[in-house]
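Participant: Sequence first, predicted coordinates after that:
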Amino acid sequence: MHHLTQRELLYLEDFLKAEQLAYKSMNFFADQCTDPSIKRLCQDSAQSHRQNYQTMVKHLAAGTLQ
């Protein structure tokens, strides 16, 4: 496995934090929406950010990032 530099680890940490924030924000926006189509867009976006986060964590845990 390629060893990540300190800078790369900081980028990954920032990415994970951004994905968490985007997920939480989109869930909040979905809860506030009254228009069903916009609500669904927010929910879909939240799900996408959650999947991005989970995928990255899975790869980090498995040591498969290169």
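Facilitator: On my side now, so go ahead.

Participant: Enumerate every residue touching Phe28.
Facilitator: The contact partners of Phe28, by CB atoms under 8 Å, 6 or more residues apart in numbering, come to none. All C-beta spots, glycine's among them, are computed from the backbone N, C-alpha and C.

Participant: For stretch 50-57, give the mean pLDDT please.
Facilitator: Mean pLDDT, stretch 50-57: 95.

Participant: Identify the residues contacting Leu60.
Facilitator: By CB under 8 Å, 6+ apart, the neighbours of Leu60 are Leu12.

Participant: Can you tell me the element it falls in?
Facilitator: helix 36-62 (DSSP states H and E).

Participant: which parts of that helix are buried?
Facilitator: 42-43, 45-46, 49-50, 52-53 (16 or more other CB atoms under 10 Å).

Participant: low-scoring stretches of the chain, by residue?
Facilitator: 1-2, 64-66 (pLDDT under 70).

Participant: what angle do the helix or strand harbouring Leu12 and helix 36-62 make?
Facilitator: Under the criterion of DSSP H and E, Leu12 resides in helix 6-32. For helix 6-32 against helix 36-62, the angle by axes from the mean of the first three to the mean of the last three CA atoms, to 10 degrees is 150 degrees.

Participant: in helix 6-32, what's buried?
Facilitator: Applying 16+ other CB under 10 Å to helix 6-32 flags 12, 19, 22-23, 26-27, 29-30 as buried.

Participant: would JSON lines of those residues with distance to Leu4 be doable?
Facilitator: Converted to JSON lines, those look like this (distance: CB to CB, whole Å):
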{"residue": "Leu12", "distance to Leu4": "7"}
{"residue": "Glu19", "distance to Leu4": "18"}
{"residue": "Ala22", "distance to Leu4": "23"}
{"residue": "Tyr23", "distance to Leu4": "24"}
{"residue": "Met26", "distance to Leu4": "28"}
{"residue": "Asn27", "distance to Leu4": "30"}
{"residue": "Phe29", "distance to Leu4": "33"}
{"residue": "Ala30", "distance to Leu4": "34"}
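
Participant: re earlier: report the distance from the helix holding Leu12 to the chain centre.
Facilitator: Offset of helix 6-32 from its chain centre (CA atoms, centre = their mean, to the nearest Å): 5 Å.
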